[in-house]
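Asks: Just the structure for this:
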Amino acid sequence: MKDFFTLYDLLLDGIDADTVVTSTFLGQCWTAVETAEHFGMAMTTPVDTAPRMLNGDHIGMPLGKLAPAAKSWNLTEAGFGMAAINAFYNTPARLEALGAYEPFDNYCTDGLDLWGKRIGVIGHLNMPRSVYDQAKEVLILERNPRPGDYPDSACDWILPQCDVVIITASTLVNKTLPHLLDLCKNAYTILAGPSAPLCPGLLELGIDRVAGLVITDTEGMKDKIRREISGPPYPMGKPFLLTRERL
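Replies: Down below sits the predicted model:
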């Protein structure tokens, strides 16, 4: 990507500067930002080393001031920035207006012809068994690899050879997404996971599909974060799917 932060600037453009943050949450798995009407979250990345962009408590801060922290190289802070972005984009009203609801059982690959395809998956994502049954090969690349995974340092070698690449949206927080998209120029590319913003503009930047989550049970999600309840957050919301084909 010519300008590293092009993707982030697209997300930040037009975010309401007047909406005020009322609560923030930091859990082992999820970071969340709440306003009077909206709730957004992103995967927690516990890397609190580089200097922060913002000082003090985020509560009472305009959403438009917190959202640019998504660019922070303090990745814990960046999680709050992405959660603020998702508090703006991932709302029930936007989900309804875009007609983007997609049952979780379909996940992000519904309607795709995966037969004989080589699929690269960045991160451990829950996918239907049918993906593995159809694909010629599924290669999982992970920063904390499990048996059978490739380390994420293999991305430069593997991704240019893939037909389809599914990327966890937590790469927005850790800043690896711009480089990953450069590696996937010849692949059908899907950004997936609860950290993904419901922003159609992403489909103009080399992403073919965006699959994410709009939280509708905010109290349930807050309880899950506070109590560190394990398991995916999808029961607390409605999954969505944006596709280039439907633009």
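Asks: quick one, domains of the chain?
Replies: 6-95, 103-213+238-246 (automatic domain parsing).
Asks: Out of the ones you listed, flag the one nearest I225.
Replies: Nearest to I225, of all these, is domain 6-95, at 3.9 Å by Cβ to Cβ. C-beta here means a position set from N, CA and C on the backbone, and glycine is covered the same way.
Asks: mean confidence score for that closest one?
Replies: When pLDDT is averaged over domain 6-95, the result is 95.
Asks: Now the terminal residues of that domain, how far apart.
Replies: The straight-line separation of the ends of domain 6-95 (Cα to Cα, to the nearest Å) is 24 Å.
Asks: for the longest helix seen in the chain, packing partners?
Replies: What stands out as the longest helix in the chain, according to DSSP state H, is helix 75-89. Counting contacts by 3 or more Cβ pairs under 8 Å, 6 or more residues apart in numbering; DSSP states H and E, helix 75-89 is packed against helix 6-12, strand 21-26, strand 30-35, strand 39-43, helix 63-66, helix 171-174.
Asks: Highest mean neighbour count out of the ones you listed?
Replies: Counting by mean count of other Cβ atoms under 10 Å, strand 39-43 has the highest mean neighbour count of those, with a mean of 27.
Asks: so can I have CSV of the domains of the chain showing distance to K222?
Replies: Below are the domains of the chain laid out as CSV (distance: least, Cβ to Cβ, whole Å):
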stretch, distance to K222
domain 6-95, 6
domain 103-213+238-246, 14
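Asks: now for the ones you listed, which one comes closest to I229?
Replies: Closest to I229 of the domains of the chain, according to Cβ to Cβ: domain 6-95, at 9.2 Å.
Asks: Let me see the ranges of the strands in the protein.
Replies: Ranges of strands in the chain, per DSSP state E, are 21-26, 30-35, 39-43, 118-122, 137-142, 150-151, 164-168, 188-192, 209-215, 237-243.
Asks: export the ones you listed to CSV and tack on distance to G14?
Replies: Formatted as CSV, the strands of the chain follow (distance: least, Cβ to Cβ, whole Å):
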stretch, distance to G14
strand 21-26, 18
strand 30-35, 16
strand 39-43, 15
strand 118-122, 28
strand 137-142, 33
strand 150-151, 38
strand 164-168, 24
strand 188-192, 20
strand 209-215, 17
strand 237-243, 17
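Asks: Looking at the ones you listed, spot the one closest to K71.
Replies: Closest among the strands of the chain, using Cβ to Cβ: strand 39-43, at 13.4 Å.
Asks: closest to T91 out of the helices and strands packed on helix 75-89?
Replies: Distance to T91, taken as Cβ to Cβ, is lowest for strand 39-43 among the helices and strands packed on helix 75-89, at 8.5 Å.
Asks: The residue lying closest to G27 once chain neighbours are set aside - how many residues pack around it?
Replies: Distances taken as Cβ to Cβ, 6 or more residues apart in numbering place I225 nearest to G27, at 3.9 Å, with adjacent residues excluded. A count of nearby residues for I225, using other Cβ atoms under 10 Å, gives 20.
Asks: Likewise for the one 10 residues further on?
Replies: A count of nearby residues for P235, using other Cβ under 10 Å, gives 11.
Asks: M82 versus that one, what's the distance?
Replies: 21 Å (Cβ to Cβ, to the nearest Å).
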